[in-house]
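J.: take a look and give me a structure for this.
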Amino acid sequence: MRQVVIYSGEDGYWVAECPSLPGCISQGKTKEEAIFNIKEAIEGYINALEEDKIPVPEERFETLLVAV
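T.: Residues are numbered from 1 along each chain as shown. Now for the predicted structure:
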């Protein structure tokens with residue numbers, strides 16, 4: 001299980017990234033598409049690490065909403 005941050009990009013697409021996996025980022029035309037795409041990206045990222053016998057980083061982030 002991984003935490004994902006999702007937000008609207010400047011180009012109108014939704015951006016999704018997984019902070020615990022550096023560089024693991026995806027996007028989609030809709031939130032649902034971005035979520036589907038980041039799930040695939042996370043799976044591919046972890047598979048590549050395992051194939052290369054590189055340790056998979058643990059999930060270590062907490063998210064927090066701060067009102068300003």
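
J.: direction included, what does the helix or strand of the chain with the lowest mean pLDDT pair up with?
T.: Ranking every helix and strand in the chain by mean pLDDT, DSSP states H and E puts strand 5-8 at the bottom, with a mean of 95. Sheet pairing of strand 5-8 (DSSP bridges) gives strand 14-17 (antiparallel).

J.: residues making contact with the least confident helix or strand of the chain?
T.: Trp14, Val15, Ala16, Glu17, Cys18, Pro19, Lys31, Ala34, Ile35, Ile38, Thr63 (C-beta atoms under 8 Å, 6 or more residues apart in numbering). Placement of C-beta: from N, CA and C, glycine included.

J.: out of the residues you listed, which comes closest to Ile25?
T.: Checking those against Ile25 by C-beta to C-beta gives Glu17 as the nearest, at 4.1 Å.

J.: residue contacts, the residue lying closest to Cys24 once chain neighbours are set aside?
T.: Distance criterion C-beta to C-beta, 6 or more residues apart in numbering; nearest residue to Cys24, sequence neighbours excluded, is Cys18 at 4.3 Å. Residues near Cys18 by C-beta under 8 Å, 6+ apart: Arg2, Gln3, Val4, Val5, Cys24, Ile25, Ile38, Ala41, Ile42, Tyr45.

J.: before we move on, which element is the first one in?
T.: Secondary-structure element containing Arg2, defined by DSSP states H and E: none, the residue being outside all helices and strands.

J.: I'd say it and Glu58 touch.
T.: No. Assessed by C-beta atoms under 8 Å, Arg2 is found out of contact with Glu58, at 10.1 Å.
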